[in-house]
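S.K.: okay, predicted coordinates and the sequence, questions at the end:
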Amino acid sequence: MREIANRFSDQMDMICHYIDFITAAIKLTKVPREGLRSGHGFVVAASSFTDAVQKIGNFTIAAYDGAYLTACAEYELGIREFIETYTARVADKCHDYHHLPKDMREWYPEGCARLILSIEQDKYRHLTKDTVIGSLASCVRPSKSKRYTLLGEAFSYNERNFSPPVVDECFKRLGIDKIWQKLSREVCMQHELGTRNHMTTEQRAKSKLSELIQRRNDIIHRGRSYYTPSESEVRGCATFFKVLVNNLAEIMEHQIAAI
């Protein structure tokens, strides 16, 4: 889980560095060029760069929208990777299907059914109905010569974005109950949200994630009142996702150790 979180953190840092680049580019275009006669390569390149940027006009709309959507896409991918990797690690630890946490056993048949009904979706293109049915059969009727197989996609399945309720639901399937209460006890989350009170931290964390997901949807399905995210919004989005994902990784690692 920590490896996934580290890769995710690198992606969020990259987004922040990209915003640094955009800020530097804007500053460069505002530097007066009167009196510049140097033929030095750097001066020539800087002038060409400034001309190119000025031709674009207000390029921050595409830049900030793109950076914001990238952060949200990486977040969605990170949560799916968490759930599917967790599933595989728990299955490795529990050699018998009936030794899995009760919540995982109870959800799996329904999760497989939902996968079969959604098998045509692009994100399940690597699966077939036979694969899903075969996995479920290996759990219900285990073979003495072959271990059962679990499909992590049955646990990460979701019809909407990973908003607070969806995250809560998916983690319950794994046997990790009250995930937001657990997150509220993490010092890094408290520091990010500016509070040490557990209840307040939980409320602010849910509110913040809901706000980020809604902003993401506004960018994609923009209406007449839409406005592009600011530099600080993009940074805040990346920073919060980084804290959230790293804290989730620690909680999941502790949960695996307890199985």
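M.R.: Good, I have the coordinates.
S.K.: only C-alpha atoms from now on, for both contacts and neighbour counts.
M.R.: Fine.
S.K.: Asp13 is in what secondary structure piece?
M.R.: helix 2-29 (DSSP states H and E).
S.K.: need the longest helix for the protein.
M.R.: Determined from DSSP state H, the single longest helix within the chain is helix 60-93.
S.K.: run the angle between it and helix 2-29 for me.
M.R.: 170 degrees (axes from the mean of the first three to the mean of the last three Cα atoms, to 10 degrees).
S.K.: right, and the helix or strand after helix 60-93?
M.R.: helix 102-117.
S.K.: state the mean pLDDT of that next one.
M.R.: Across helix 102-117, the average pLDDT comes to 96.
S.K.: restricting to C-alpha, output whichever helix or strand comes after it in PDB.
M.R.: Remark: after helix 102-117, the chain's next helix or strand is helix 129-140, criterion DSSP H and E. Presented in PDB, the C-alpha positions along helix 129-140 are these (Å, rounded to 0.1, in the frame of the first residue of the first chain):
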ATOM      1  CA  LYS A 129     -17.900 -13.400 -17.800                       C
ATOM      2  CA  ASP A 130     -16.200 -16.700 -17.700                       C
ATOM      3  CA  THR A 131     -13.300 -15.300 -15.600                       C
ATOM      4  CA  VAL A 132     -15.700 -13.800 -13.100                       C
ATOM      5  CA  ILE A 133     -17.800 -16.900 -12.900                       C
ATOM      6  CA  GLY A 134     -14.700 -19.100 -12.600                       C
ATOM      7  CA  SER A 135     -13.400 -17.000  -9.700                       C
ATOM      8  CA  LEU A 136     -16.700 -17.200  -7.900                       C
ATOM      9  CA  ALA A 137     -16.900 -20.900  -8.400                       C
ATOM     10  CA  SER A 138     -13.400 -21.400  -7.000                       C
ATOM     11  CA  CYS A 139     -14.600 -19.700  -3.800                       C
ATOM     12  CA  VAL A 140     -17.900 -21.600  -3.500                       C
END
